[in-house]
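> Whatever this is, show me its structure:
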Amino acid sequence: NCYNIGYSSATSESAKLGSIVGGGISARMSSCYYDSTLTSPTGDITLRPFGCVALSTVEMTDSDSYKGFNFKTVWNIIPDENYVYPQLKINPHIGVGETENIRDFAGGCGTFENPYKIMTPGQLDNVRKYPGSTFMLLNDIDMNQYCRNNEFAPIGDSLFGFYGTFMGEGHKISNLTITSDEQGGLFGLNNGEIYNLDLENISFTSGIAGGIACVNTGLIYMSSVTYALEMEGKNVMLGGIASSNKIGGMVISCGINGQITLGGNNVYFGGIAYNNMGIIAGSYNNCEFISEKSNYLTAGGITTSNSGTVSDCIAYANMYIDPYSESVAGGISAVSTGSIVNSICTASKLTARQSGGICAYYNSGKIYNCYFRNELSRPTFEGEVNDVYKLTDEELCNPLNFNELDTDSMWYMEEGMYPVLIEAFLL
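Numbers count the residues shown, from 1 in each chain. Just a heads-up that it's a prediction; the model follows:
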């Protein structure tokens with residue numbers, strides 16, 4: 001009860017080649033079918049091809065041709081433009097011309113229905129070969145030993161980038177060192193979609209870096225990075241999730257944890273993105289930031305510079321910055337010309353020379369329905385400002401003070417604790 005519609009060929013004249021069986025001491029075949037326009041049923045004349053039936057290409061698409069096949073419970077033929085031959089009901093076909101890739105991955109053919117499966121560091125490295133495909137992470141991966149022996153560059157170059165789909169399935173990639181002089185991040189340029197991926201202890205050789213992606217014009221959803229990072233250099237532009245979230249880029253329900261220490265001149269840090277021109281929503285920063293040896297530093301709890309939209313975000317972590325240096329820090333964004341709405345900063349320490357509980361400088365756009373701790377200063381506002389609240393620590397833990405926030409689908413609140421983002425809490 002087997003069939004073959006594939007073509008077989010060999011370069012050796014002594015090769016035993018057959019559509020059903022190549023060779024063997026003995027064989028017994030029953031109800032086996034092959035396309036008569038291809039090779040013979042067996043490659044060994046000592047094998048009697050009884051039970052091997054040659055069919056025309058048209059006959060291969062007709063269920064009546066397959067005597068012995070059970071089309072009630074095992075097989076079916078569902079004619080469509082993609083596949084017109086029998087397929088197993090419990091294990092459908094993977095597409096015409098598509099085969100399981102067990103050379104570069106743990107299986108799969110790169111489609112949404114049957115993504116490439118990733119289980120090892122080498123298989124993760126192979127993602128760059130198929131930038132438009134769909135991938136699924138099957139387990140946690142420790143990259144420590146692999147990165148000792150191999151340089152791991154960002155996936156997706158700056159020209160075309162990664163434009164497929166990467167499903168992390170909640171698994172963790174740890175101890176990853178990104179080796180590149182130009183950009184840092186698991187993905188260099190993400191034009192695709194990245195879901196449910198967790199990174200832990202990632203480091204970079206480039207100062208322009210983001211944990212998940214250096215540049216994002218696609219979607220990063222429900223992903224997190226846990227840092228234990230120390231960097232020092234000039235012109236550092238670090239974003240916890242993405243260095244730059246471009247127009248069209250969306251970072252949704254993501255977060256960072258741990259601790260980051262940066263030093264040097266011209267240092268920029270954003271908890272989610274250094275530069276946001278797209279949308280950041282439902283995301284959090286719980287990563288302590290330290291920069292006591294920097295000059296000309298700009299930092300923001302969610303983003304350094306915002307010309308896009310920041311919505312329903314929260315910054316928990318403190319930022320310890322040399323107050324005598326040329327430094328600017330904002331609880332949500334250091335500088336904003338875009339929109340900041342429904343967002344909260346519970347941090348108690350923003351020790352930059354110029355700081356603000358929501359942002360340090362606000363030139364245009366709007367800030368609406370935002371909250372910050374009363375120890376922090378109000379920003380310099382020049383744009384549209386509505387309902388910005390300065391609360392005590394106790395008031396930040398009282399749900400009654402956040403009436404305008406969506407507690408049905410976005411926020412969870414309980415007496416005695418800070419607000420929590422529902423989806424991000426699952427990270």
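> tell me the contacts of the residue nearest to Ser133 when sequence neighbours are not counted?
With C-beta to C-beta, 6 or more residues apart in numbering as the criterion, Ser133 has its nearest non-adjacent residue at 3.4 Å, and that residue is Gly110. Bear in mind the C-beta positions are built from the backbone N, C-alpha and C, glycine included. Contacts here follow C-beta atoms under 8 Å, 6 or more residues apart in numbering; on that basis Gly110 touches 98, 101, 116, 130, 133-135, 164.
> Which members of those occur in strands, if any?
Counting by DSSP state E, the members of the contacts of Gly110 that fall within strands are 116, 134-135.
> Per-residue confidence, Pro41, what does it come out as?
pLDDT for Pro41: 61.
> picking up where we left off before, between the contacts of Gly110, which is closest to Ser409?
The shortest separation between Ser409 and any of these is 27.6 Å, and it belongs to Thr134 (by C-beta to C-beta).
> can you count the residues close to that closest one?
If you count neighbours by other C-beta atoms under 10 Å, Thr134 ends up with 20.
> again, but for Asn403
Once other C-beta under 10 Å is used to define contacts, Asn403 is seen to have 8 neighbours.
> Please tell me how far it sits from Asn342.
Taking C-beta to C-beta, to the nearest Å as the measure, Asn403 falls 12 Å from Asn342.
> pLDDT weak spots in the stretch 301-427 of the chain?
Of all residues in the stretch 301-427 of the chain, those with pLDDT under 70 make up the ranges 363, 377-386, 427.
> ok, now with 80
Per-residue confidence of the stretch 301-427 of the chain (counting by pLDDT under 80) places the weak regions at 361-365, 375-386, 424-427.
> pull the CA atoms of stretch 153-165 into PDB?
Once non-C-alpha atoms are left out, stretch 153-165 reads as follows in PDB (Å, rounded to 0.1, in the frame of the first residue of the first chain):
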ATOM      1  CA  ALA A 153      26.500  36.700  13.100                       C
ATOM      2  CA  PRO A 154      23.000  38.200  13.200                       C
ATOM      3  CA  ILE A 155      20.400  36.300  11.100                       C
ATOM      4  CA  GLY A 156      19.300  38.400   8.200                       C
ATOM      5  CA  ASP A 157      21.500  41.000   6.500                       C
ATOM      6  CA  SER A 158      20.900  44.700   6.300                       C
ATOM      7  CA  LEU A 159      19.600  44.500   2.700                       C
ATOM      8  CA  PHE A 160      16.800  41.900   2.800                       C
ATOM      9  CA  GLY A 161      16.900  40.700   6.400                       C
ATOM     10  CA  PHE A 162      14.800  37.900   7.800                       C
ATOM     11  CA  TYR A 163      11.300  37.900   6.300                       C
ATOM     12  CA  GLY A 164       9.900  34.600   7.500                       C
ATOM     13  CA  THR A 165       8.200  33.500  10.700                       C
END
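> So what touches it?
110, 112, 115, 127-128, 130-135, 178-180, 182-195, 214-215, 217-218.
> The spatially most central residue of the chain: which element?
The C-alpha lying nearest the average C-alpha coordinate of the chain belongs to Ile194 (C-alpha atoms, centre = their mean; 2.8 Å). Under the criterion DSSP states H and E, the helix or strand holding Ile194 is strand 193-195.
> Contacts made by that strand with the rest, please.
For strand 193-195, the external contacting residues (C-beta under 8 Å, 6+ apart) are 164-168, 187, 212-213, 218-223.
> Likewise for stretch 73-80?
Applying C-beta under 8 Å, 6+ apart, the set of residues contacting stretch 73-80 is 1, 61-63, 66, 69, 71, 84-89.
> which of those tops the neighbour count?
Greatest neighbour count in those, by other C-beta under 10 Å, goes to Pro86: 24 neighbours.
> Low-confidence ranges, the stretch 101-250 of the chain, go.
Checking the stretch 101-250 of the chain against pLDDT under 80 turns up 157-160.
> before we move on, the earlier item: distance to Tyr316 for the contacts of Gly110 - can I get that in a markdown table?
Conversion of the contacts of Gly110 to a markdown table gives the following (distance: C-beta to C-beta, whole Å):
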| residue | distance to Tyr316 |
| --- | --- |
| Glu98 | 46 |
| Asn101 | 42 |
| Tyr116 | 36 |
| Tyr130 | 38 |
| Ser133 | 37 |
| Thr134 | 34 |
| Phe135 | 32 |
| Gly164 | 33 |
